[in-house]
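Peer 1: quick one, fold the following:
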Amino acid sequence: MSKKTIQAIISWCAALAIALLGANLVAFGYRSGAGSIQRTNAYSTSIRTPNSIIVRGAEGYGINAVDENGYLNDSTLPLKEHYILLMGSSHAEGLQVMQGNTMTSVLNRMLDPNERTVYNIGTAGQTFPLIAEGFRAAVEEFPNAEGVMMEISQLDFSDADFDRMMDQAVFSPESTGPALEQSLGFARRLRNNILGLLPVISQMRQQIDSINFSMSDAFGIAAFLKRNQQPIAASETAAPDAAAQSGGSTYAERIGQVLAMLRGEFDKPIIILYHSGVTLLPDGQLQIDRDMRYYDDFKTACERNGIVFLDVGDAFLRAYEADHSLPYGFQNTTMPSGHLNTLGHKIVAEEFYKAWMQIQDKENN
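Peer 2: All right, here's what the predicted structure looks like:
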């Protein structure tokens, strides 16, 4: 191999290294974080790497701190002795907005600006069936909780979902954030350190995973059809009869059993906030996409078990009617879809606050 060829290869490698270094530096401000830790015998099957920082910029933009337990909480303020647990999905986790604008932070400022009254254990993918499955483990891990708030966006559950809800996870102290971090093996610790130092790897993996060769939504046809379809009447989406449920049990019976179980495991206030998607209709009106097949049964089951049920849909409508603000979507994504934006988090926090104040008033009278 000639000297000229070797020099060319070296220059190409140097150029590649410089390009990767530049891309990595950019990735720190776009998508970075040290990954997650898998676990069993706990509220969720994974936590974020404790005491790390997560940056996300693909949908909205957020810089969020992870506390020592692996949850998204700002630890600059002391945690109140008797706090409220916030359970929920990626909406509650709030990686799409700055930490000061998440429903947890807004709610904490409303309740007590000098302390963290609400402790967020929101976890990506933690839908209601997973919340219910891990409920007992959560209240055992955080025994000083004076109340529980849940954020959910779906009411449609399969028979398998109901089965897993009734099969409660058993909490183990070995599954807490500090214990898991201390027991991390060399390979996992090395992986997390690499992801923390080289966020471009995580970004490249996300790009590969997002490749989709399907033509199902080519040219925006699916979105166009959704915008132009007529609202479905509640009578057309009535809850299925008993024959649609295994073992002859109806949705109402099964959700009633689940909520009765949760109430039996926690005798303090429980608030469940439901936020459905929204659709902009061709005439410019905003439609709240409540799942009316199960809505009344879920609401009734909450009432029978002394659980507060909140539907934030009307608050979304009021915000839209005031200045056409939308609770979902960002400038770098499609409105009104995806995760809750800053306004959505604010509205959810306000609804949680009103409900908690009503509970406090009843207790004081």
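Peer 1: for the stretch 1-150 of the chain, what spans make up the strands?
Peer 2: 31-32, 36-38, 46-48, 53-56, 62-65, 79-87, 116-120, 145-152 (DSSP state E, counting those that start in this stretch).
Peer 1: quick one: mean pLDDT for the shortest one?
Peer 2: Spelled out, it's strand 31-32. Strand 31-32 comes out with an average pLDDT of 80.
Peer 1: on that earlier part again, mean neighbour count, the strands of the stretch 1-150 of the chain: which tops it?
Peer 2: Comparing those by mean neighbour count (mean count of other Cβ atoms under 10 Å), strand 116-120 comes out on top with a mean of 24. No exception for glycine: its C-beta is placed from N, CA and C like everyone else's.
Peer 1: that strand pairs with which strands, parallel or anti?
Peer 2: Neighbouring strands of strand 116-120 in its sheet, by DSSP bridges, are strand 79-87 (parallel).
Peer 1: kindly export the strand it pairs with (C-alpha atoms) in PDB.
Peer 2: Provided in PDB are the C-alpha atoms of strand 79-87 (Å, rounded to 0.1, in the frame of the first residue of the first chain):
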ATOM      1  CA  LEU A  79     -39.800  16.500  50.000                       C
ATOM      2  CA  LYS A  80     -42.700  17.100  52.300                       C
ATOM      3  CA  GLU A  81     -43.000  14.500  55.100                       C
ATOM      4  CA  HIS A  82     -46.500  13.400  54.000                       C
ATOM      5  CA  TYR A  83     -46.600  13.700  50.200                       C
ATOM      6  CA  ILE A  84     -48.900  12.800  47.300                       C
ATOM      7  CA  LEU A  85     -47.800  10.100  44.800                       C
ATOM      8  CA  LEU A  86     -48.300  10.900  41.200                       C
ATOM      9  CA  MET A  87     -48.600   7.800  39.000                       C
END
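Peer 1: nearest to residue 96, out of the strands of the stretch 1-150 of the chain?
Peer 2: Counting by Cβ to Cβ, residue 96 lies closest to strand 62-65 out of those; the figure is 5.5 Å.
Peer 1: quick one, what contacts residue 332?
Peer 2: Residues near residue 332 by Cβ atoms under 8 Å, 6 or more residues apart in numbering: 57-61.
Peer 1: and after the helix or strand of the chain with the lowest mean pLDDT, which helix or strand comes next?
Peer 2: Lowest by mean pLDDT, DSSP states H and E among the helices and strands of the chain is helix 221-228, with a mean of 54. Using DSSP states H and E, the next helix or strand after helix 221-228 towards the C-terminus is helix 251-265.
Peer 1: how about residues contacting that next one?
Peer 2: 132, 135-136, 139, 157, 162, 165-166, 168, 239-240, 245, 270, 294, 297-298, 300-302, 304-307.
Peer 1: identify the residue nearest residue 75 in space, chain neighbours excluded?
Peer 2: Nearest residue to residue 75, sequence neighbours excluded (Cβ to Cβ, 6 or more residues apart in numbering): residue 67, at 5.0 Å.
Peer 1: among the contacts of helix 251-265, name the buried ones.
Peer 2: 132, 135-136, 139, 157, 162, 165, 168, 239, 245, 270, 294, 297-298, 301-302, 305, 307 (16 or more other Cβ atoms under 10 Å).
Peer 1: where in the stretch 151-300 of the chain is pLDDT low?
Peer 2: By pLDDT under 70, the low-scoring segments of the stretch 151-300 of the chain are 186, 188-189, 191-248.
Peer 1: would you map the helices across the chain?
Peer 2: Here the chain has its helices, by DSSP state H, at 3-28, 90-93, 103-111, 128-133, 135-141, 159-166, 177-183, 186-197, 199-209, 221-228, 251-265, 295-304, 313-323, 342-364.
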